[in-house]
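S.K.: Got a sequence here, can you build the structure:
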Amino acid sequence: MFPEDLPAMAASYASLREGRVDSYDVERHYRCKDGSELWVQLSGALVRDTEGRPARIAAVLSDVTARKRAEAELRRSTELLRAVAEGTTDAVFVKDRAGKYLLFNEAAGRFVGKPVTEVLGKDDTELFDPPSARTLMDRDRRVMASGLAETEEETLTAAGVTRVYHATKAPYRDERGNVIGTIGVSRDVTDQRRVAAERDALLERLQIQIARMPLAYVLLDAADRVVDWNPAAEKVFGYRKDEMLEVVPFERLVPPSFHGHTGDVVRRLHAGDMAAHSVNENLTKDGRTITCEWFNTPLTDADGRYVGSLCLAWDVTNKLKLEEQFRRAQLRLAHVIASSPVVLFTLAVEGQALRLAWISDNVRALTGDMAADALHTNWWEDRLHPDDRTRVWAEIRELFVDGSKAHEYRFRHRGETYRWVRAEMRLFRDADNNPVEVVGSWSDVTDRRHLEDQFRQAQKMEAVGRLAGGVAHDFNNLLTIINGYGEVLLTGLPADDPNRDLVREMVTAGERAAGLTRQLLAFSRKTIIESRVLDLTVVVADVQKMLRRIVGEDVQLAVASDPAVDAVKADPGQIEQVLLNLVVNARDAMPKGGRLTIEVRNAELDDTYARSHLDVRPGPYVLLAVTDSGCGMDAATVARIFEPFFSTKGEHGTGLGLATVHGIVRQGGGHVAVYSEVGRGTTFKVYLPRVEKQAPLSSTRLKKTTPAIATG
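M.R.: Take a look at the predicted model:
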């Protein structure tokens, strides 16, 4: 016997021995010799002697181990069932044949909105609305009659809430198998049914959208066979849905040349590549080859296994053609802009302000700056000539009123020189008439402005030349009379006449005036010339000794003549006069001495040079250049250097020297140019048209009547 049972057993025997009880019936727990446990039922009775005194105890021992174990198992099963019933979220219930609830767990109480104590012993009429109660009780009767059943039941609970339950019911039987009620489990599927309904509605809408979408929709299974195929796919490829179901589409839609590419995409899909995008050629049912862009997504199950693909495609054949056309158009436009001297730009309108938003790359040729540099703040304004800013800004403000504007101004090149540009702009407005953008162009008009200046200068020189020629002609006639009478008067006076010196001075002054008259006639190109074929190297050699005496010892004279120089056609005396005038001017520009170089060589004036000089025809020339290392001239002086009566020598100059040079050269069909910088000397370049040489070329000599040298 287990020690804990000994006190109770001893108390029972004592009660019998003392006669307090006549019998006992107890169950005791024993441990056998082999260590096993044994339950024994002890039934004992008191036996008395003839005088009624306790004499002995009679006991019967019965092994009840099996019954005790069965009872314990039953208790465990009952507790387990109770734990299951109370631990589950499903409603667990048992009803008798009359529908009264014998068992009702806490979950069932929550479903109907009442505590369990208020449900036990009641039927459905007391828990649900009448229609729901009748339906439930009818189903219970069918279950008791026919057996197991699964149903969905919609009820209005006592709490006034409509719920849907999935109920599993079975007959409740006694130990003999007789049906004595129903037993069931109900699961609240209200939210599940709502979610399912929403899912079904969503799927329905999705199917509608799939059917309407413009993209071809192809759904594949794990074996890459078509599961679904929308109308857009039928339109793109020409196959009906029933023709493509269970078909591996790539075997039918892909030309052999793309099988390798398509196979690679399929392998990537099977590997779970979410970026298996492709553009490839496809075949249509009618045999056409088209180009499609595919957006492919692998589909996997909860364990990550590949179960299929969702593929969307659209025909990009025309799109690619348009893109290629657009690319070519952009390329052509880029080539046009790159080859054009005109710079294009756009300005963003910000209130009443304008901001450079884009400019073509050829701006570098105009300004020396890259397009990206030009977009920096204040780039344009910083390079605008200060003297033009007020005028240009006023004209730009007029753009908002007039809608378009064209103006010219000076713009600084990165090399610190200014160029004249012409800007043409047009203002664009939106649908509400608000200004949004200005589109414009820049063109370099420096050469045009230079030509216009040359043209105006040529017109002025022509007008002055006509005036000077007319005056010189009339003045020459008067001088002829004055000088003639002076010579006659001088001849008639005795040698010792005191008036003879006065008359001689008058005649000398008249001869000097006649020299100036000849220069005016040369400038106006009205002198009579005797042109012949000349070798300028010979002309320079003939006057070189005289030139050395003219320039003086403090000026180093150098002559560089090309022996292969071609000939020109000109008046020898006029050429000598041109050379003498240029040398004298060079000497005067070097009062402290210096270097004077005379150069004779062949030269070519091309179309580019001719376009920027009105009096030049492109072709072969002989160049006579005179370069000094003197004080030089600024741009304003150079601009007027050939004007008659313009002199840099004050009262010592007539202003006819270089004007005469210009007239003689122009009369001979040539061109004269000057290049000078202050402090760096001056170069005069005389270009005379080349002609064929005539052999032999005789040396030209200075005559006694060499034209007077005018000081400029």
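S.K.: alpha carbons only for contacts and neighbour counts from here, please
M.R.: Will do.
S.K.: I'd like to know the average pLDDT value across stretch 176-188.
M.R.: Taken as a whole, stretch 176-188 has an average pLDDT of 86.
S.K.: What residues of that stretch count as buried?
M.R.: The neighbour-count check on stretch 176-188 (16 or more other Cα atoms under 10 Å) flags V179, G181, T182, I183, G184, V185, S186, R187, D188 as buried.
S.K.: Please apply the same query to stretch 339-349.
M.R.: Here stretch 339-349 shows V342, V343, L344, F345, T346, L347, A348, V349 as buried, counting by 16+ other Cα under 10 Å.
S.K.: List of residues touching that stretch?
M.R.: 337, 354-363, 366, 435-444 (Cα atoms under 8 Å, 6 or more residues apart in numbering).
S.K.: All the helices of the stretch 601-712 of the chain, in order from the start?
M.R.: 607-611, 635-640, 657-667 (DSSP state H, counting those that start in this stretch).
S.K.: Mean neighbour count, those helices: which tops it?
M.R.: Across these, averaging neighbours per residue (mean count of other Cα atoms under 10 Å) puts helix 657-667 on top, at a mean of 25.
S.K.: Could you give the average pLDDT over that one?
M.R.: Rounded mean pLDDT across helix 657-667 is 78.
S.K.: Just the C-alphas of that helix, formatted as PDB.
M.R.: The C-alpha trace of helix 657-667 is given here as PDB (Å, rounded to 0.1, in the frame of the first residue of the first chain):
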ATOM      1  CA  GLY A 657      49.800 111.500-100.000                       C
ATOM      2  CA  LEU A 658      47.900 108.400 -99.100                       C
ATOM      3  CA  ALA A 659      44.800 109.600-100.900                       C
ATOM      4  CA  THR A 660      47.000 109.700-104.100                       C
ATOM      5  CA  VAL A 661      48.200 106.200-103.400                       C
ATOM      6  CA  HIS A 662      44.700 105.000-103.000                       C
ATOM      7  CA  GLY A 663      43.600 106.700-106.300                       C
ATOM      8  CA  ILE A 664      46.500 105.400-108.300                       C
ATOM      9  CA  VAL A 665      46.100 101.800-107.100                       C
ATOM     10  CA  ARG A 666      42.300 101.800-107.600                       C
ATOM     11  CA  GLN A 667      42.700 103.300-111.100                       C
END
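S.K.: elements contacting it?
M.R.: helix 500-523, helix 572-588, strand 671-676, strand 682-691 (3 or more Cα pairs under 8 Å, 6 or more residues apart in numbering; DSSP states H and E).
S.K.: Recalculate using a threshold of 6 Å.
M.R.: helix 500-523 (3 or more Cα pairs under 6 Å, 6 or more residues apart in numbering; DSSP states H and E).
S.K.: tell me which residues in the next helix or strand along the chain from the helix it packs on are buried?
M.R.: Next along the chain after helix 500-523, taking DSSP states H and E as the criterion, comes strand 532-534. By neighbour count on 16+ other Cα under 10 Å, the buried set for strand 532-534 is V533, L534.
S.K.: In its sheet, which strands sit next to strand 532-534, and in what direction?
M.R.: Here strand 532-534 has these sheet partners by DSSP bridges: strand 567-570 (antiparallel).
S.K.: if you average pLDDT over the strand it pairs with, what comes out?
M.R.: On average, strand 567-570 scores 90.
S.K.: neighbouring contacts of it?
M.R.: Contact with strand 567-570 is made by S531, R532, V533, L534, D535, R690, V691, K693, as judged by Cα atoms under 6 Å, 6 or more residues apart in numbering.
S.K.: Not counting sequence-adjacent ones, nearest residue to R448?
M.R.: S612 (7.5 Å; Cα to Cα, 6 or more residues apart in numbering).
S.K.: Past the helix or strand in which T182 is found, which element shows up next along the chain?
M.R.: Using DSSP H and E, T182 sits in strand 179-188. The first helix or strand that comes after strand 179-188 along the chain, using DSSP H and E, is helix 190-212.
S.K.: Name the residues of that following helix that are buried.
M.R.: So, applying 16+ other Cα under 10 Å, buried residues of helix 190-212: I210, A211.
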